[in-house]
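Undergrad: I would like to see how this sequence folds:
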Amino acid sequence: MNRMTRKTKRNILLCASAVVIMILIILIVQGIRGLMNSSADTSAGLDYIRQEEEGNVAEIEAKISRLDAQSEGGEEVSRSLKERFAGAAVIGDSVAQGFAEFNVLNSSNVTAQIGAHLTQLDDQIESAKQISPTVVFLSIGANDVTSTNGDAGLFTDQYTEVLEEIRREMPEANVFVNSIFPARQKAIDKEPLLEKIPEYNAALKELCDSMNIGFIDNTELVREEYYEQDGQHFKAEFYPIWAEHMAEVAAL
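TA: Alright, predicted model coming up:
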């Protein structure tokens, strides 16, 4: 009986060992399968992450497109003209003086004088230099049409000297030259030489091209209703239109 008991125990132990071995094998197989499944899950996760990243990029691009659309529609320009011209200097005559007079630009950014001529700009250039502008706009010439007695060649010679002086005094500044505004017929009747303004503008553009200086053509910008009674100066409502045009050309 004792012998049978020992044999039975041995058989039980053998069976138990076999069961343990089988369980271990099963566990090992399951572990391997688990690792394989884990690899598949990781791949799926990576795919999800990539999709999310692509979605974020698409969303960002969509936002940029909306901003571009707003920009084209004029909605993005939240800065005032004064802010946009903060680093600029406007040098000119009584027409340019209207920017400060009508509070379109800060007076510190406008160095203009009534009756100014090309040969009289030294003080204005020095004043402009004091604010260390990154951009300089010139708006002068109507008075010089008469002072040069209709000689466009003499006019461009004088303008060349002004541009060279500005480059010497403010070498880091980008320079833009405004065309001379056309005079109305009533002004031409009073001063016939003003009829030569288109000729002067053509010569001025050629000069700017030769010196690699930006030329701002304002010929098509004006309308009859913007002019004052004298046919040469402008009403307040014209100045924001003109300033906006200058800002666009200079990318302010």
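Undergrad: does Thr111 count as helix, strand or coil?
TA: strand (DSSP: H, G, I helix; E, B strand; the rest coil).
Undergrad: mind listing what it touches?
TA: Counting by Cβ atoms under 8 Å, 6 or more residues apart in numbering, Thr111 touches 89-91, 124-125, 127-128. Using the backbone N, CA and C atoms, a C-beta is placed for each residue, glycine as well.
Undergrad: now, which of the residues you listed sits nearest Ala152?
TA: Ile91 (20.8 Å; Cβ to Cβ).
Undergrad: before we move on, back to that, can you flag which of the contacts of Thr111 belong to strands?
TA: The strands, defined by DSSP state E, take in 89-91 from these.
Undergrad: Just send these back as a markdown table, with distance to Lys190, pLDDT and neighbour count too.
TA: A markdown table is the format used below for the ones in strands among the contacts of Thr111 (distance: Cβ to Cβ, whole Å; pLDDT from 0 to 100; neighbours: other Cβ atoms under 10 Å):
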| residue | distance to Lys190 | pLDDT | neighbour count |
| --- | --- | --- | --- |
| Ala89 | 32 | 97 | 27 |
| Val90 | 27 | 97 | 26 |
| Ile91 | 26 | 97 | 24 |
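Undergrad: any idea which of the residues you listed is closest to Cys208?
TA: Closest to Cys208, out of all of the ones in strands among the contacts of Thr111 and judged by Cβ to Cβ, is Ile91, at 15.0 Å.
Undergrad: Who are the contact partners of the closest one?
TA: Ile91 touches 111-112, 121, 124-125, 128, 136-140, 166, counting by Cβ under 8 Å, 6+ apart.
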